[in-house]
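# pasted the sequence and its predicted model underneath.
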Amino acid sequence: MDNLIAAYKSRLQSALPDIARYHSRLSALNDWWGKITLIGKINSYNIATTILSDMLDTRKKFTRLQQSLIENLVQEQIAKQTLDNSQRAQVAVDLLIRNLFERTADVGFLATDSDIRNFLLANNDNSRLEIKTRLKQYVKKYSVYDEIIILDSHGNVMAHLNDDNPITHCQDPLIQQTVSSKDDYIETFRYSDLQPNQSASLIYSCKITANSSLSAPVLGVLCLCFRFNDEVSGIFNRLLPKNSNSILMLVDNEQKIIASSNTQFAAINSQMSTTIGNKIALLAGTEYLISTAKTQGYQNFFGLGWSSCMASPIQAERKELSKANNNSQLHSGITESTLFSDQLNDVRRQSLLSQ
């Protein structure tokens with residue numbers, strides 16, 4: 001964080017409303033010291049030389065304290081914001097990964113369902129109606145899916161849940177990849193003709209075999225299509241403060257935004273660095289303080305390696321410091337609070353010595 005503040009020191013001081021206000025007030029006081037000193041020089045024949053020297057010395061000390069106070073206020077405010085941003089970003093991606101971990105169990109469990117296996121073996125209209133009812137019952141219990149598709153090993157759709165989905169045959173390489181895979185499941189996020197009306201789908205696929213063994217003859221492929229947008233929007237809404245100007249984003253391992261709480265400023269498919277830490281960057285012409293977190297995983301499941309970014313505009317109002325509307329309030333806050341750093345408390349001690 002020290003490197004961040006050092007690189008953007010002047011911009012942060014002018015951009016943060018509370019800091020700019022305190023800087024203006026302190027500068028005005030410093031100017032008054034200059035005027036008083038000047039008046040003292042003009043009337044020096046009526047003033048003792050020691051008093052004039054003390055005035056000059058006091059002004060120098062005040063200038064040093066002013067610089068130190070502003071620098072520490074910037075550091076305290078940025079530290080608070082980056083901590084909050086980092087925590088929210090971390091929770092966002094980890095909560096999503098934990099929820100997706102459960103989906104990996106769903107697809108493996110449903111792929112071994114005897115009703116689905118018997119449906120592929122029977123392959124008739126009566127069994128198709130029965131299996132569709134079975135899928136509806138499953139989605140009623142687990143509402144996180146907006147489509148379930150059962151295909152044969154050649155990509156022909158044998159049954160699916162969503163009547164608005166026009167899919168009859170799938171040419172997505174995902175089907176053959178799943179058939180030949182030795183893994184328990186395959187997780188895919190991109191456009192797929194399995195859901196042609198969506199720009200991107202999060203799909204969990206698993207091959208359906210003649211028995212519970214993955215090495216048994218393959219009867220077909222099961223695809224569970226996760227309600228990705230609904231899930232991510234729910235997480236973002238829970239984590240973002242009410243009426244917040246901040247933005248939460250989900251970024252893939254190619255540094256492309258795949259979900260955003262504000263697409264006007266952070267558009268889907270636009271690039272976003274996933275370097276861990278804090279930085280200041282422009283989003284739609286506005287400077288944001290951005291914190292990035294990679295998933296910590298859940299039970300050794302890390303999904304597709306996504307990261308989450310929390311961005312807060314550096315010119316946003318800071319209600320906590322805005323309450324300190326005058327110098328006395330700022331003075332008493334530093335005196336009484338243990339939340340301030342040693343550096344800020346030292347500024348206060350130095351100011352008392354200068355009185």
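Right, received. Where do you want to start?

# helices along this structure, start to end?
With helices called from DSSP state H, the chain shows them at 2-7, 9-15, 17-42, 49-111, 114-122, 125-141, 174-180, 228-239, 319-322, 327-336, 342-353.

# neighbours of Phe109, just the number please.
The tally of other residues near Phe109 (other Cβ atoms under 10 Å) stands at 11. Placement of C-beta: from N, CA and C, glycine included.

# and what of Gly303?
Gly303 sits with 21 neighbouring residues when counted by other Cβ under 10 Å.

# wait, what's in contact with it?
Leu96, Ile97, Leu100, Phe101, Glu187, Thr295 (Cβ atoms under 8 Å, 6 or more residues apart in numbering).

# so where is this structure shaky, pLDDT-wise?
Residue ranges of the chain with pLDDT under 70: 1-74, 316-355.

# gap between Tyr288 and Leu194?
According to Cβ to Cβ, to the nearest Å, Tyr288 and Leu194 sit 36 Å apart.

# now swap in Gln75 and tell me
For Gln75, the distance to Leu194 equals 51 Å [Cβ to Cβ].

# higher neighbour count, these two?
A count of neighbours by other Cβ under 10 Å puts Leu194 above the other of Gln75 and Leu194, at 25 against 19.

# now do the more buried one against Val107, distance only.
Taken as Cβ to Cβ, the span from Leu194 to Val107 is 14 Å.

# swap in Ser246?
Note on Ser246: its distance to Val107, by Cβ to Cβ, is 34 Å.

# same question, Tyr191
20 Å.

# which one's more surrounded, those two?
Between Tyr191 and Val107, counting by other Cβ under 10 Å, Val107 is the more crowded of the two (22 against 12).

# nearest spatial neighbour of that one, skipping sequence neighbours?
With Cβ to Cβ, 6 or more residues apart in numbering as the measure, Tyr204 is the residue that lies nearest to Val107, at 4.1 Å, once sequence neighbours are left out.

# also Ser308?
Nearest residue to Ser308, sequence neighbours excluded (Cβ to Cβ, 6+ apart): Val93, at 3.7 Å.

# and the residue nearest to Ser127 when sequence neighbours are not counted, what does it touch?
Excluding the flanking residues, the one nearest Ser127 by Cβ to Cβ, 6+ apart is Phe119, at 4.8 Å. Phe119 makes contact with Ser127, Arg128, Glu130, Ile131, Ile150, Met158, Ala159 under the criterion Cβ under 8 Å, 6+ apart.

# now swap in Arg88 and tell me
Counted by Cβ under 8 Å, 6+ apart, Arg88 has contacts Leu239, Leu240, Leu248, Met310.

# same deal with Asp115?
Glu130, Ile131, Arg134.

# out of the contacts of Arg88, who has the most neighbours?
Among these, Met310 has the most neighbours (other Cβ under 10 Å), with 29 neighbours.

# bridging residues for that one?
Beta bridges link Met310 to Leu248, Ser291, judged by DSSP bridges.

# quick check: it vs Glu254, distance?
For Met310, the distance to Glu254 - Cβ to Cβ - is 20 Å.

# how about Asp125?
The separation that Asp125 has from Glu254, given Cβ to Cβ, amounts to 44 Å.

# and what of Ala311?
Between Ala311 and Glu254 the distance is 19 Å, computed by Cβ to Cβ.

# out of those two, which sits in the busier spot?
In this view Ala311 and Glu254 are compared by other Cβ under 10 Å, and Ala311 has more residues nearby, 29 against 9.

# test my guess that that one contacts Ser261.
No: taking contact to mean Cβ atoms under 8 Å, the distance of 9.5 Å between Ala311 and Ser261 leaves them out of contact.

# what's the overlap in contacts for these two?
With the criterion set as Cβ under 8 Å, 6+ apart, the overlap between the contacts of Ala311 and Ser261 is Ile247, Leu248, Met249.

# ok, and the closest non-adjacent residue to the last one?
Spatial nearest neighbour of Met249, excluding adjacent residues (Cβ to Cβ, 6+ apart): Cys309 at 4.4 Å.

# domain parsing of the chain, as residue ranges.
The record's domain split for the chain, according to automatic domain parsing, is 1-101+242-316, 102-230.

# number of nearby residues for Gly108?
A total of 16 residues lie near Gly108 under the criterion other Cβ under 10 Å.

# apart from its chain neighbours, what residue comes closest to it?
With sequence-adjacent residues excluded and distances taken as Cβ to Cβ, 6+ apart, Gly108 is closest to Asp184, at 5.2 Å.

# got the contact list for the one you found?
Taking Cβ under 8 Å, 6+ apart as the contact definition, Asp184 lies against Thr104, Gly108, Cys206, Leu214.
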